[in-house]
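> can you look at this prediction? I've put the sequence above it.
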Amino acid sequence: MDEAHYKVMRLIEANPAISQRELAQVMGVSLGKANYCLNALIEKGWVKARNFRKSDNKLAYAYLLTPRGVRQKAAITAHFLHRKMDEYESLRKEIDELRREVASHRNGNAAP
């Protein structure tokens with residue numbers, strides 16, 4: 001769930017007026033999941049929802065990261081960066097091994 005929360009916080013930070021439907025679409029999840037994630041972040045005190053009225057008189061919300069939310073997003077960002085770096089190193093090693101294997105086959109060093 002941390003990854004979904006992280007994505008929601010990034011999207012809200014970039015566009016506070018984003019709708020839940022837009023969140024769901026960008027994240028590639030159902031509207032229900034986007035709503036669930038957003039409400040969880042509001043419950044944790046990481047996101048605050050503010051009402052405002054659009055010119056067409058429909059009720060809308062602006063979502064803002066709270067100071068706690070900003071700190072939590074920074075911590076989650078550091079965690080994801082560490083995880084992605086580990087994944088990158090693992091993939092780099094696997095690619096190097098595959099390159100050696102391909103070179104070995106090209107040079108005729110492969111066992112029949």
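Everything's here; your move.
> for the protein, which helix is longest?
helix 67-106 (DSSP state H).
> by contact count, what packs against that one?
Counting contacts by 3 or more CB pairs under 8 Å, 6 or more residues apart in numbering; DSSP states H and E, helix 67-106 is packed against helix 2-14, helix 31-44. All C-beta atoms are positioned from the backbone trio N, CA, C, and that covers glycine.
> flag the shaky bits of this protein, pLDDT-wise.
1, 52-59, 109-112 (pLDDT under 70).
> what about 80?
The chain contains residues with pLDDT under 80 at 1, 51-60, 108-112.
> where does the closest residue to Ser19 other than its chain neighbours sit: helix, strand or coil?
For Ser19, ignoring the flanking residues on the chain, the nearest one in space by CB to CB, 6 or more residues apart in numbering is Ala60 at 7.4 Å. Following DSSP: H, G, I helix; E, B strand; the rest coil, the label given to Ala60 is strand.
> excluding its backbone neighbours, what's nearest Arg21?
Leu31 is the one closest to Arg21 (CB to CB, 6+ apart), at 6.0 Å.
> what's the neighbour count on the one you found?
13 (other CB atoms under 10 Å).
> what of the one 10 residues further on?
A total of 24 residues lie near Leu41 under the criterion other CB under 10 Å.
> equivalent analysis for Leu23, please.
Leu23: 22 surrounding residues under other CB under 10 Å.
> ok, now how distant is it from Leu65?
Between Leu23 and Leu65 the computed distance is 14 Å (CB to CB, to the nearest Å).
> report the set of residues contacting both of the two.
Ile12 (CB atoms under 8 Å, 6 or more residues apart in numbering).
> could you list the buried residues of stretch 62-69?
For stretch 62-69, burial by neighbour count (16 or more other CB atoms under 10 Å) applies to 63, 65, 69.
> cool, and stretch 44-52?
46-48.
> ok, residues contacting it?
With CB under 8 Å, 6+ apart, stretch 44-52 has contacts from 5, 8-9, 12, 38, 41-42, 59-66, 68-69, 72-73.
> ok, now with 7 Å
Applying CB atoms under 7 Å, 6 or more residues apart in numbering, the contact partners of stretch 44-52 are 9, 12, 38, 41-42, 59-66, 68-69, 72.
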